[in-house]
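In: sharing a sequence plus its predicted fold:
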Amino acid sequence: MKDMPQSKELVIVGEAECERLVGRKDAFDAVQAVFAAMAKGDARNFPVVREALGHAEALYGFKSGFDKAGMVLGVKSGGYWPGNMAKGLTNHQSTVFLFDPDTGQLSALVGGNYLTAVRTAASSAVSIAHLARKDAKVLGMVGAGHQSTFQLRAAVEQRDFDKVVAWNPHPDMLPKLGAVAEELGLPFEAVSREDLGAQADVIITITSAFEPLLMKDWIKPGTHIACMGTDTKGKQEVDAALVASATVFTDEVAQSITIGEAQHAIADGSVTEDRITPIGAVINGDHPGRSSDDEVTLFDGTGVGLQDLAVASVAARLAEADGSAQRVSL
């Protein structure tokens, strides 16, 4: 009997290594590339599984896909545990499993908590880079939770902002976001939602809301809005009429219309699927993006598994390159 071939070693990259190795530019480049590949048909996400556990008020699920252009195959497993902050943990918990596309062997196990935050911020940053007005000066933040600081840091690298205005349902959380703005050299002001809409040229919503927090009439012409919190059926951050009045872009149309911000406008018939454009089409030059300074653009960032796989692949590659990756044989 012939000897069986040896299993390929599994690379393990922990949270600390991910945070040390994967910077905002790494995440931006990886996410932008995978959006472009999706729009070309070179990468696809598989159906999402997302379920309420009926325990600890947690949501748990799987996001997976295959990027043929980048040769990345894998699955992100994790979810949202709303009581984790009281335990000194982040509410979002996840792990990424990468597989060899040629053999199906498990090739890497990568911590997903930091990467989820940095890839979500990269996604909105990609939308700002391609859709916001070049002269945007005021950044509006709706939400001040864990991911908001990642969003803020990534956003300010895309435009020459001179002020940050913010609103959060729990105002006591705003000082942490304000401290990051101060660190970045930007004045910070806590404002009402109406005032935020009146001032901001770019708005990022990053909440877990199930009702509209921004209304159409509050938004001034030319605003770019990145809706980053709606990733589940029933969630909602902005008025459906606002979505209907904007030019809508997304990471993936199938998710946008079912679990993304567009789901409500789709449901009431004010938006049809053909009005939603993958942002990869803008990246690839197949869609012009913003058409005028007065146009309101909206990016529906639902969060796709390929984003997680892309940044996890970067983490694994960088960890192998600098020798910090752990290796085990299964």
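Out: Yep, it's here. Residues are numbered from 1 along each chain as shown.

In: which ones are touching Ile257?
Out: Going by CB atoms under 8 Å, 6 or more residues apart in numbering, Ile257 touches 263, 266, 273, 276. The C-beta positions use only the backbone N, C-alpha and C, and glycine is treated the same way.

In: run the last query once more with 6 Å
Out: Shown in contact with Ile257 (CB atoms under 6 Å, 6 or more residues apart in numbering): 266, 273.

In: the one 3 residues further on now?
Out: The neighbours of Gly260, taking CB under 6 Å, 6+ apart as the test, are 230, 300, 302.

In: next one: Val31
Out: For Val31, the residues meeting the contact criterion (CB under 6 Å, 6+ apart) are 119, 122-123, 126, 307.

In: adding secondary structure, write those residues out as a markdown table.
Out: Shown next, in a markdown table, are those (DSSP: H, G, I helix; E, B strand; the rest coil):
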| residue | secondary structure |
| --- | --- |
| Arg119 | helix |
| Ala122 | helix |
| Ser123 | helix |
| Val126 | helix |
| Gln307 | helix |
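
In: I'd like to know which of these are buried.
Out: Buried subset of the contacts of Val31 (neighbour count, 16 or more other CB atoms under 10 Å): 119, 122-123, 126, 307.

In: between the residues you listed, which is closest to Ile204?
Out: When the buried ones among the contacts of Val31 are compared for distance to Ile204, the smallest value, 10.5 Å, is given by Ser123; criterion: CB to CB.

In: ok, that closest one touching Gly303?
Out: No: shown here, Ser123 and Gly303 do not form a contact pair, counting by CB atoms under 6 Å, at 7.3 Å.

In: which parts of the protein are helices?
Out: Assigned by DSSP state H, the helices in the chain fall at 15-21, 24-40, 113-131, 146-155, 174-183, 193-199, 240-245, 253-258, 263-267, 279-283, 305-322.

In: now the fourth one: average pLDDT?
Out: By that I understand helix 146-155. When the per-residue pLDDT values of helix 146-155 are averaged, the result is 96.

In: before we move on, the earlier item: list just the nearest of the buried ones among the contacts of Val31 to Ser256.
Out: Proximity of those to Ser256, judged by CB to CB, is greatest for Ser123, which lies at 12.7 Å.

In: which pLDDT value goes with that closest one?
Out: Model confidence at Ser123 (pLDDT) stands at 98.

In: could you find the closest non-adjacent residue to it?
Out: Distances taken as CB to CB, 6 or more residues apart in numbering place Gly301 nearest to Ser123, at 4.8 Å, with adjacent residues excluded.
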